[in-house]
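>>> Output the structure for:
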Amino acid sequence: MHRLPTLFVPHGAPTFALDPGTAGAVMQQTAATLPKLRAIVIVSPHWDTEIASVGSATTLTTIHDFHGFPHALYELTYPATGSTEASHEVSAAIARAGLPVIEAPSQGLDHGAWIPLRLMFPQAEVPVIPVSVQSHLGVQGAYALGCALAPLVDQGFLVIGSGNLTHNLGDYRIARQNGGRVPAYVHDFPDWLAEKIMQRDISALLNYRQQAPDAVRAHPSDEHLQPLYVALGAAGNAPRVERLHTGVSDYVLAMDAYAFHPLH
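Predicted structure coming up:
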């Protein structure tokens with residue numbers, strides 16, 4: 001089977017589902033290039049648990065876990081199905097890596113999962129296996145989770161991390177009051193990440209809060225960054241890196257997307 005890339009994609013604000021723009025177009029184009037998939041493993045910051053949890057439902061509900069947005073958003077659904085067999089394989093891979101894991105038979109898809117999937121796979125033809133983040137373990141834990149998922153890449157599983165490379169909603173409110181001026185770190189922080197990713201400097205990436213410019217301002221808490229580390233870890237050692245898209249949405253959300261191509 002053709003070896004798949006792992007992906008990091010932005011999910012932006014919920015309105016990204018209604019106005020996907022250039023970032024959405026790039027995500028759609030990327031999905032169109034992929035070979036037949038056995039299943040999609042997607043990690044979203046909006047499902048956060050104490051230990052790794054794997055969704056094992058065969059029918060995944062669309063969760064509208066946001067408030068105060070246009071009515072049209074609450075009418076959107078994504079008719080995803082799961083796979084009991086595939087979810088067991090995901091759980092087993094995590095367990096083999098020595099990480100605690102449980103299955104969640106009633107878990108649906110939060111907006112961090114269904115919004116990018118609806119853009120990329122509108123026919124919902126591929127089984128989806130959601131996996132939670134453990135935000136209290138930081139990016140080190142997310143990278144370890146990604147490494148645990150790496151063996152699945154050769155089995156036809158597409159691993160997707162969904163988040164944003166900057167995520168400070170307090171700064172969003174300030175930017176709106178200041179005429180929509182984009183803070184400099186919204187460009188500088190993703191560029192620092194890109195440099196370290198291209199250099200395969202995992203040590204610097206794992207210590208980004210001490211080394212990156214305005215790291216804590218870019219992520220007061222880093223659950224929205226952790227899916228990047230899952231995707232990077234799942235690609236194995238020294239993958240070929242493709243920065244698919246850069247851009248900014250809603251003043252403070254970096255909309256970068258990456259493909260990590262495992263080397264043979």
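
>>> after the helix or strand of the chain with the lowest mean pLDDT comes which helix or strand?
Least confident helix or strand of the chain, by mean pLDDT, DSSP states H and E, is helix 169-177 with a mean of 90. Reading on from helix 169-177 to the C-terminus, the next helix or strand found by DSSP states H and E is helix 185-198.

>>> name the helices or strands packed onto whichever helix or strand comes after that following helix?
Downstream of helix 185-198, the next assigned helix or strand under DSSP H and E is helix 202-206. Applying 3 or more Cβ pairs under 8 Å, 6 or more residues apart in numbering; DSSP states H and E, we find helix 202-206 packed against helix 138-149, helix 185-198, helix 226-234. Using the backbone N, CA and C atoms, a C-beta is placed for each residue, glycine as well.

>>> Indicate which one of those is closest to residue 32.
helix 226-234 (18.9 Å; Cβ to Cβ).

>>> Next, the angle from the closest one to helix 138-149.
Between helix 226-234 and helix 138-149, the angle comes out at 40 degrees (axes from the mean of the first three to the mean of the last three Cα atoms, to 10 degrees).

>>> Okay, buried residues for helix 226-234 please.
Across helix 226-234, burial judged by 16 or more other Cβ atoms under 10 Å covers 226-234.

>>> cool, and stretch 238-254?
239, 241, 244-254.

>>> From residue 260, how far off is residue 104?
26 Å (Cβ to Cβ, to the nearest Å).

>>> So for those two, which sits in the more crowded spot?
Per other Cβ atoms under 10 Å, whichever of residue 104 and residue 260 has more neighbours is residue 260, with 24 against 17.
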